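Peer 1: Sequence first, predicted model second:
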Number of protein chains: 2
Amino acid sequence: MTDQRPSARTGRDRGIPDATVARLPVYLRALSALADAGSDTVSSEELATSAGVNSAKLRKDLSHLGSYGTRGVGYDVELLTEEISLALGLSQRWAVALVGVGNLGHALAGYAGFASRGFRIAALLDADPARVGELIQGINVQHIDDLPAVVEHEGISIGVIATPAPSAQLVCDQLVAAGVTSILNFAPCVLSVPDGVDVRKVDLSIELQILSFHENRKAFGAQPNQFAKKQPPGRLTTLPGGAAGTPPAREVVNE
Amino acid sequence: MTDQRPSARTGRDRGIPDATVARLPVYLRALSALADAGSDTVSSEELATSAGVNSAKLRKDLSHLGSYGTRGVGYDVELLTEEISLALGLSQRWAVALVGVGNLGHALAGYAGFASRGFRIAALLDADPARVGELIQGINVQHIDDLPAVVEHEGISIGVIATPAPSAQLVCDQLVAAGVTSILNFAPCVLSVPDGVDVRKVDLSIELQILSFHENRKAFGAQPNQFAKKQPPGRLTTLPGGAAGTPPAREVVNE
DNA sequence: TACCGCTTGTGAACGCTCGCACAAAGTCGG
DNA sequence: CCGACTTTGTGCGAGCGTTCACAAGCGGTA
Ligand SMILES: NC(=O)c1ccc[n+]([C@@H]2O[C@H](COP(=O)([O-])OP(=O)(O)OC[C@H]3O[C@@H](n4cnc5c(N)ncnc54)[C@H](O)[C@@H]3O)[C@@H](O)[C@H]2O)c1
Ligand SMILES: NC(=O)c1ccc[n+]([C@@H]2O[C@H](COP(=O)([O-])OP(=O)(O)OC[C@H]3O[C@@H](n4cnc5c(N)ncnc54)[C@H](O)[C@@H]3O)[C@@H](O)[C@H]2O)c1
């Protein structure tokens, strides 16, 4: 799961496990679909299937919130939706600041999935004077220097960073200084923040590289280089060149 | 970490742990920065700091690849870069198909981070006839029906889904049928795939909701509703309305 | 060559997560 | 009211991931 652990739970603390928190939004989505389909109640088995998890795991996850099921029947869709929303803090609408209105920033600004889940893009900010003043989805792009005032005025506590990596730490510091305590980072870099500030990252390249690993593993079952031991100039060199014979690629999968 | 576990490792199998695989790309990025800065060697302590992890964890992670460090000295930056790249299967350039050239798809198509990490966008596809033929970053948008031929011709093994959620499963099935064995999904839904196909998801809303949870926790230390027990109509109703007195919201953060 | 300081690689302990399996607790039909 | 059936909530064991702490190994120095 994404890393850079958020809010190191302080040993004691009767909190909900991180792994559970990460799944609650998925359950919420599945519940929403069930509600649209007209279901009033749902069993852990059904809900688990919709969410793509084991039913025992689902029940254990929900048990952390309290006892909201009915034995022999299942869970009330509406009630459970409310309880999960409450646990996630979605009973209030969070204001979000989006910094960096480039390619990705434009897509994010126009994303309907924010509003529908209880988040409001309260501000768009950029450092480029040419972008300031631009109107995107009815929101005016403001200069990054106005950040403190905007955060204060709009009551913003969540920031999204969509600037190039070299600027990300600077922007992050500015967000923190302005009072933002949760940050979602799209730039491919590690951010350092003071205690009490949570950072989560979304990194395309990392996801692709993980897929690459598994793809590679599928292509060559278990490699021969089982126990490598620093062969001085054994298999040599030049990374993006072509490492000893391009693999058989295809013919592996397909049903 | 993202979830929907890729390629259930079959019990035995001397493979690299998933948690380690997920961090290798981060190390790679840190190494790249060190190389640019002119370092020839690096200690586990330095590299761990750059990557934002514990140095013991870093060493254990690297130990899964083999013994490529020198005691008393550290790791050779270039050698380690090669070894990690090799382990991740980045010594070859993977061809990627991007399906859904809407808001997000456009941003992704123009993203330089793909190419620089060894991925090549080999095809853009969409179902909307109005988009077919459009030229984006020098690549022609093709119709989704041409998927099988394109996958075959370009040797594509990785697919990226950037269509609306209702189309995602259909597109996924088409990708799998065409021979794609790794999928990165941006649509907010669960995909089901046959064994042998890996799926990873990137979901904005989930990330924000996790941040919301922690933000909420910061606001109200440990809640009073410690042991809830199905209060029949206790605190009631209407989720996006205002759950029993809108919380004190502001005044919490702003350090 | 013998010694010293530094850093790796890893054994071992601990905590978190997962999934099984089942008792407890509810519904429903008679 | 009772008994059969269904589904939740959870105790428990196994496995994975993280961290500590240190012996082993390497380069440098006398
Ligand atoms: N485009 C994608 O699909 C994509 C995908 C994954 C990750 N990313 C990452 O997201 C980030 C943004 O990507 P992009 O393609 O939108 O880049 P971009 O260059 O199109 O946009 C970056 C924007 O950030 C602004 N900016 C730069 N420095 C700033 C600062 N100090 N304060 C405020 N604003 C600042 C720039 O003016 C620009 O408008 C990058 O880190 C990139 O690696 C992008
Ligand atoms: N825009 C964002 O910032 C953002 C952020 C996170 C997640 N997402 C998700 O990414 C997905 C795409 O978002 P978007 O804003 O780009 O939407 P969009 O509507 O702008 O683009 C979707 C594209 O997919 C194409 N499409 C639809 N059905 C198709 C099919 N069966 N085969 C091929 N192509 C098909 C459409 O023609 C359209 O071009 C959505 O699932 C969205 O929830 C978007």
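Peer 2: All right, it came through fine. Numbering: from 1, shown residues only, chains lettered A, B, ... in the order given. Ligands and ions are numbered 1, 2, ... in the order given.
Peer 1: Which residues of chain A lie near ligand 1?
Peer 2: Proximity of chain A to ligand 1 (CB under 6 Å from any ligand atom) is limited to residues A:99-105, A:126-128, A:131, A:144, A:162-165, A:167, A:170-171, A:186-188, A:204. Quick note: C-beta positions are derived from backbone N, CA and C, even for glycine.
Peer 1: Nearest to ligand 1: which residue in the stretch 51-200 of chain A?
Peer 2: Closest contact between the stretch 51-200 of chain A and ligand 1, by CB to the nearest ligand atom, is at residue A:102 (1.7 Å).
Peer 1: In space, what's closest to that residue - neighbours in sequence excluded?
Peer 2: residue A:162 (6.7 Å; CB to CB, 6 or more residues apart in numbering or on different chains).
Peer 1: so how far is residue B:18 from the one you found?
Peer 2: 28 Å (CB to CB, to the nearest Å).
Peer 1: Neighbour count: the two, which is higher?
Peer 2: residue A:162 (26 against 17; other CB atoms under 10 Å in any protein chain shown).
Peer 1: could you list every residue that touches the more buried one?
Peer 2: Neighbouring residues of residue A:162 by CB atoms under 8 Å, 6 or more residues apart in numbering or on different chains: A:98-102, A:104-105, A:108, A:186-187.
Peer 1: Quick one: buried ones out of the residues you listed?
Peer 2: A:98-101, A:104-105, A:108, A:186-187 (16 or more other CB atoms under 10 Å in any protein chain shown).
Peer 1: Was I right to think residue A:33 contacts residue A:51?
Peer 2: No. Contact between residue A:33 and residue A:51 fails when scored by CB atoms under 8 Å: they sit 9.8 Å apart.
Peer 1: Would you map out the domains in chain A?
Peer 2: Here the domain parsing of chain A from automatic domain parsing is A:18-87, A:94-202, A:206-252.
Peer 1: Quick check: which ranges of the stretch 151-255 of chain A have low pLDDT?
Peer 2: In the predicted model, the stretch 151-255 of chain A carries pLDDT under 70 at residues A:221-255.
Peer 1: May I have the lengthiest strand in chain A as CSV, with CA atoms only?
Peer 2: The longest strand of chain A (DSSP state E) is strand A:119-126. C-alpha atoms of strand A:119-126 as CSV (Å, rounded to 0.1, in the frame of the first residue of the first chain):
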residue,chain,number,x,y,z
PHE,A,119,-14.3,17.0,-1.2
ARG,A,120,-14.5,20.5,-2.4
ILE,A,121,-11.7,22.1,-4.5
ALA,A,122,-11.6,25.4,-2.7
ALA,A,123,-8.6,26.8,-4.5
LEU,A,124,-6.3,26.3,-7.5
LEU,A,125,-2.8,27.7,-7.2
ASP,A,126,0.2,28.1,-9.4
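Peer 1: near ligand 2 at all, that strand?
Peer 2: No. Strand A:119-126 does not reach ligand 2 (CB under 6 Å from any ligand atom); its nearest approach is 10.9 Å.
Peer 1: And stretch A:79-99, by the same measure?
Peer 2: No. Among the residues of stretch A:79-99, none lie within reach of ligand 2 under CB under 6 Å from any ligand atom; the closest is 10.2 Å away.
Peer 1: So that stretch, near chain B or not?
Peer 2: Yes. Against chain B, stretch A:79-99 shows contacts by CB under 8 Å from any CB of the partner chain at A:81-83, A:85-94, A:96.
Peer 1: Who has more neighbours out of residue A:33 and residue A:51?
Peer 2: residue A:51 (23 against 15).
Peer 1: Hmm, residue A:24 and that one touching each other?
Peer 2: No. If you go by CB under 8 Å, residue A:51 and residue A:24 don't touch, sitting 9.9 Å apart.
Peer 1: ranges for the helices of chain A?
Peer 2: A:18-36, A:44-51, A:55-63, A:77-88, A:103-109, A:112-115, A:147-154, A:165-178, A:204-219 (DSSP state H).
Peer 1: Can you give me the neighbour number for residue A:216?
Peer 2: 20.
Peer 1: hang on, it packs against residue B:88?
Peer 2: Yes. With contact defined as CB under 8 Å, residue A:216 counts as touching residue B:88 (7.1 Å).
Peer 1: tell me, how many neighbours does residue A:130 end up with?
Peer 2: There are 8 residues near residue A:130, going by other CB under 10 Å.
Peer 1: Kindly apply the preceding question to residue A:192 instead.
Peer 2: Neighbour count of residue A:192, defined by other CB under 10 Å: 12.
Peer 1: right, and it touches residue B:52 too?
Peer 2: Yes. Using CB under 8 Å, residue A:192 makes contact with residue B:52 at a distance of 7.5 Å.
Peer 1: ok, which residues in chain A are in contact with ligand 2?
Peer 2: Counting by CB under 6 Å from any ligand atom, chain A sits next to ligand 2 at A:107-108, A:110-111, A:113.
Peer 1: go again using 5 Å as the cut-off
Peer 2: Contact residues (CB under 5 Å from any ligand atom) of chain A with ligand 2: A:107-108, A:111, A:113.
Peer 1: Output those residues in CSV; the columns should cover distance to residue B:43 and pLDDT.
Peer 2: Formatted as CSV, the residues of chain A next to ligand 2 follow (distance: CB to CB, whole Å; pLDDT from 0 to 100):
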residue, distance to residue B:43, pLDDT
A:107, 40, 97
A:108, 38, 97
A:111, 42, 94
A:113, 43, 90
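Peer 1: Make CSV out of those residues and add distance to residue B:220.
Peer 2: CSV is the format used below for the residues of chain A next to ligand 2 (distance: CB to CB, whole Å):
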residue, distance to residue B:220
A:107, 34
A:108, 29
A:111, 29
A:113, 26
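Peer 1: sorry, back to before: for the domains of chain A, give me a markdown table that also has distance to residue B:175.
Peer 2: Shown next, in a markdown table, are those (distance: least, CB to CB, whole Å):
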| stretch | distance to residue B:175 |
| --- | --- |
| domain A:18-87 | 18 |
| domain A:94-202 | 22 |
| domain A:206-252 | 13 |
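Peer 1: who wins for proximity to residue B:56 among the ones you listed?
Peer 2: domain A:94-202 (17.8 Å; CB to CB).
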